[in-house]
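*Asks:* task: produce atomic coordinates for the following.
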Amino acid sequence: KQEDAIMWTLVLFTLFGNPNSGGGTYANVSTFHFSTEKFCLETAKTLEAQGVFANSAPTSYQIFGKCIQHQ
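*Replies:* Numbers count the residues shown, from 1 in each chain. I've put the predicted structure just below:
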């Protein structure tokens, strides 16, 4: 079936900053593959909840993602 070939990829962005010690930023992009949109969205929501402009002195970070459908 063609439906079986549909996959979902979570593109996860992680941004780090260190504004207190003279600056500096870092960004990372990771991808995770899922068989269903539901699993992709649940994972994105869980990971985003862990890093919404979180502060862990002296750095701060943000995690956000986007689920993309592909075949």
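*Asks:* does the residue nearest to residue 50 when sequence neighbours are not counted have beta-bridge partners, and which?
*Replies:* Leaving aside its sequence neighbours, residue 50 sits nearest to residue 63 (C-beta to C-beta, 6 or more residues apart in numbering; 6.2 Å). (Each C-beta comes from the backbone N, C-alpha and C, glycine too.) Per DSSP bridges, the residues bridged to residue 63 are residue 14.
*Asks:* number of residues surrounding residue 31?
*Replies:* 10 (other C-beta atoms under 10 Å).
*Asks:* same check on the one 5 residues further on?
*Replies:* Residue 36 is surrounded by 11 other residues when neighbours are defined as other C-beta under 10 Å.
*Asks:* listing request: residues of the protein with sub-threshold pLDDT.
*Replies:* For the chain, applying pLDDT under 70 flags the ranges 1-4, 19-21, 51-58.
*Asks:* redo that, cut-off 80
*Replies:* For the chain, residues meeting the criterion pLDDT under 80 lie at 1-6, 18-24, 50-61, 71.
*Asks:* can you show me the strands along it?
*Replies:* Secondary structure of the chain (DSSP state E): strands located at 7-17, 25-34, 54-56, 59-70.
*Asks:* which one of the ones you listed lies nearest to residue 45?
*Replies:* Distance to residue 45, taken as C-beta to C-beta, is lowest for strand 59-70 among the strands of the chain, at 8.8 Å.
*Asks:* before we move on, the earlier item: hang on, the residue nearest to residue 50 packs against residue 12?
*Replies:* Yes - using C-beta atoms under 8 Å, residue 63 is in contact with residue 12, at 6.8 Å.
*Asks:* shared neighbours, these two?
*Replies:* Common neighbours of residue 63 and residue 12, using C-beta atoms under 8 Å, 6 or more residues apart in numbering, are residue 47.
*Asks:* coming back round to it: any chance of the strands of the chain in a markdown table with distance to residue 42 as columns?
*Replies:* Shown next, in a markdown table, are those (distance: least, C-beta to C-beta, whole Å):
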| stretch | distance to residue 42 |
| --- | --- |
| strand 7-17 | 10 |
| strand 25-34 | 9 |
| strand 54-56 | 20 |
| strand 59-70 | 10 |
